[in-house]
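1. Just need the structure, nothing else, for what follows:
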Amino acid sequence: MKTKNRILFKTALLSISLVLTSASAISAIIPMMLDQLSDVSSSLIESVVTIPSFSMMLFVLLSGPISSRLGKKNTVMLGLLLVLAGGILPMFTTNITWILALRLVLGAGLGIFNSLAVSLISDFFEGDERAQLVGFQSAVQGLGSSLATFVAGQLALIDWQFAFLCYAITLPIALLFFLVVPEPKRAEPVSQTPEETGTKSRGVSMPVLGLSAALFLFMTFIMIVYTKTGIMISEKSMSNAGFLGTAFTLFSLSSMVAGFLFGKIYTWFRNYAPFISSLLTAAGFVLLWFSQSVTMVTIAMLIIGFSFALFIPYIFTTLTKIVPKGSETISISIAMVGSNLGAFASPYVINAVGTMFGNGTASFAFLVSAVVFTIAAVICLGIAVKGKASRNQASVLGG
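-> Okay, here's the model as predicted:
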């Protein structure tokens, strides 16, 4: 393949990742929707941001069977078309039922080709080049999220419904992918011994379920950054509220930077990484709770965006170490279900907690999250210290 064509091919292959994490790009319109749709509950309106996670969770699990029937290229194209339809069409209605239904379509589209964005790289590239592209794929996700959030924020200044136009980027991506990327060759099935078959059919272990539960709780309380920040700015009547869209963009960028640095941070801190992540996230939520200006809100979001982006890769790195050989795919899928289910359930859990304590303000929600992540930090520290003590004891006995 000529160098020019090779660059175009890689660009087309990576371009589909630009929209993978764009579901929350329209977070800045939540306060505007609350103002215009005053007869709709806040939980439903906040679900506009989180409900794609529900259908994404389901279609991540269905992606394998669908791609087996349609082929990987056709599955990606189907996903992109669903993202285009579910992303843009909500701008033509103010009916909350239709908006939520279309957001479910968006999530389904994202879920269908979520795992294919990585597996297609493995189909076409090997060795160091494959590893490099997988790293680029993660970075492109962060870039796409930042870009979509910024564009949606700027369009929302015209009218909140215009924000959904940020998903129009899916059209040129779909055209580029369709014209440049071929269907990869299907691997020949490999016969397995009874021992290998038994190994691959092992059930999901308790540690995997535990890590999935941790992801559920983590995403439940991290998603309030998207759903409650705009509401808090309105509650406190902060000036320069229009900067919120840019703040969300910076939030995504800080997460992207953390993703790039995770390898180094993990090398330095090892099992103390989730403790540091949880502690910094708690500090960010405390700052959000105290915030009296959009500047303070933005600083808090930068801290949270950086710190929470360290937690998720640590969970998946740990998963790949503890699961039996052959169980990686199902274990990661279960973990992704926990993550997406937590994101979907977030507004309902947070509002239930607010009702329980008689305080439904956004500021109180940030305080609750600060407490949750402080407790998480203590637990993570205990686990890290206990793990280090066990390793030291093992080395002494071994010596």
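
2. next one: the one helix or strand Ala214 maps to to chain centre, how far?
-> Per DSSP states H and E: Ala214 is located in helix 206-222. Centroid separation for helix 206-222 versus its chain: 13 Å, with CA atoms, centre = their mean, to the nearest Å.

3. what do you get for stretch 22-37?
-> For stretch 22-37 - counting by CA atoms, centre = their mean - the centre lies 18 Å from the chain centre.

4. in it, what counts as buried?
-> Of the residues in stretch 22-37, 22-34, 37 count as buried by neighbour count, 16 or more other CB atoms under 10 Å. In this view, the C-beta of every residue, glycine as well, is placed from N, C-alpha and C.

5. ok so, going back, who are the neighbours of the helix holding Ala214, in terms of helices and strands?
-> On a contact count with 3 or more CB pairs under 8 Å, 6 or more residues apart in numbering; DSSP states H and E, helix 206-222 meets helix 294-322, helix 328-357, helix 362-398.

6. and the buried residues of stretch 22-37 as a markdown table, adding secondary structure, pLDDT and distance to Ile231?
-> Converted to a markdown table, the buried residues of stretch 22-37 look like this (DSSP: H, G, I helix; E, B strand; the rest coil; pLDDT from 0 to 100; distance: CB to CB, whole Å):
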| residue | secondary structure | pLDDT | distance to Ile231 |
| --- | --- | --- | --- |
| Ser22 | coil | 88 | 21 |
| Ala23 | coil | 89 | 19 |
| Ser24 | coil | 86 | 15 |
| Ala25 | coil | 89 | 18 |
| Ile26 | coil | 91 | 15 |
| Ser27 | helix | 88 | 11 |
| Ala28 | helix | 86 | 11 |
| Ile29 | helix | 91 | 12 |
| Ile30 | helix | 90 | 7 |
| Pro31 | helix | 88 | 6 |
| Met32 | helix | 90 | 11 |
| Met33 | helix | 92 | 10 |
| Leu34 | helix | 89 | 7 |
| Leu37 | coil | 89 | 14 |
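
7. could you redo these as JSON lines and give each row distance to Leu13?
-> Formatted as JSON lines, those follow (distance: CB to CB, whole Å):
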{"residue": "Ser22", "distance to Leu13": "18"}
{"residue": "Ala23", "distance to Leu13": "21"}
{"residue": "Ser24", "distance to Leu13": "24"}
{"residue": "Ala25", "distance to Leu13": "22"}
{"residue": "Ile26", "distance to Leu13": "27"}
{"residue": "Ser27", "distance to Leu13": "28"}
{"residue": "Ala28", "distance to Leu13": "30"}
{"residue": "Ile29", "distance to Leu13": "32"}
{"residue": "Ile30", "distance to Leu13": "34"}
{"residue": "Pro31", "distance to Leu13": "38"}
{"residue": "Met32", "distance to Leu13": "36"}
{"residue": "Met33", "distance to Leu13": "36"}
{"residue": "Leu34", "distance to Leu13": "40"}
{"residue": "Leu37", "distance to Leu13": "40"}
